[in-house]
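Chemist: sequence unknown, structure follows:
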Ligand SMILES: [Zn+2]
């Protein structure tokens, strides 16, 4: 979806991923075969966070869940299931069938601060690859990665509904699941030349049904971890048009965030209307890396 203009953001907090160094060292003794992959992986992805404007997919690519997630799991004292008992809700933005239900998705719903349309169709690339198809594909890949680490994963929709759900229901699904983390997956529809990803954090809202004050801080922690790991794993740059280079944007006008009572962020993985970003978004191999980056960020957040 397209969003309103740039907002000032304070400088990023120090990266959490420095905590990974001992993990890599520990792995050296345990799984030498995997270590080689980790070292190569860190060498290409562990730098500045990718603010090079290039959006290059420099990390190794794969269309299947890779050894990276297994390595992370194996280093935990819970063995192969570090996320056992944790609940993650994935919200694939929009719905491929929304285009056939415009009356229903235009119906206003209460998001606390005001009323807003139930849902939108989302954007697409210039060649017609729909954002809703992208979000569902990445959600499936992310679900597989998180389940492999023991998480209980729920999707707000799985292409199994005639439209929606509406943004208020998307929020309530995460709340009802008592999710430890919710990630809403999107891709933006902005002007050509606007590139890179950004993570949208809930601002403090206290109006009507909405009270985000308790989730602002944990959502920022989730979003920061997500942005760091997404940049590292995909090699993509942080947005060059929103967030002042941080890749983080705070908003108070999204029902999916306003009505959440659990830590939640959106991620706009790239700009579908830019041809270079579109080339990444339409690649299955890149989408696998995108899902891997998200799973690593969620693991970082949940393990503190
Ligand atoms: Zn969207």
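Modeler: Sure, I can see it. All values reported here derive from a predicted model rather than from experimental measurement. Numbering: from 1, shown residues only.

Chemist: for the stretch 151-300 of the chain, what spans make up the helices?
Modeler: With helices called from DSSP state H, counting those that start in this stretch, the stretch 151-300 of the chain shows them at 167-176, 216-234, 255-258, 275-281, 284-302.

Chemist: Can you list the buried residues in the third one?
Modeler: What that stands for is helix 255-258. 255, 256, 257, 258 (16 or more other Cβ atoms under 10 Å). Just so you know, the C-beta spots here come from the backbone N, C-alpha and C atoms, and that holds for glycine as well.

Chemist: again, but for the last one
Modeler: When burial is assessed from 16+ other Cβ under 10 Å, helix 284-302 yields the following buried residues: 286-302.

Chemist: Distance from that helix to the middle of the chain?
Modeler: Counting by Cα atoms, centre = their mean, to the nearest Å, helix 284-302 is centred 8 Å from the centre of its parent chain.

Chemist: What count of nearby residues applies to the closest residue to residue 149 other than its chain neighbours?
Modeler: In space, residue 149 comes closest to residue 83 once its chain neighbours are excluded; the distance is 4.4 Å by Cβ to Cβ, 6 or more residues apart in numbering. For residue 83, the neighbour count with other Cβ atoms under 10 Å is 25.

Chemist: and what of residue 181?
Modeler: Around residue 181 there are 28 residues (other Cβ under 10 Å).

Chemist: That one and residue 302 touch, don't they?
Modeler: Yes: applying Cβ atoms under 8 Å as the test, residue 181 and residue 302 come out as touching, 6.3 Å apart.

Chemist: residue contacts, whichever residue of the stretch 101-250 of the chain sits closest to the ion?
Modeler: Across the stretch 101-250 of the chain, the shortest distance to the ion (Cβ to the ion) belongs to residue 186, at 3.4 Å. Going by Cβ atoms under 8 Å, 6 or more residues apart in numbering, residue 186 touches 1, 93, 94, 122, 131, 135, 266, 267, 268, 269.
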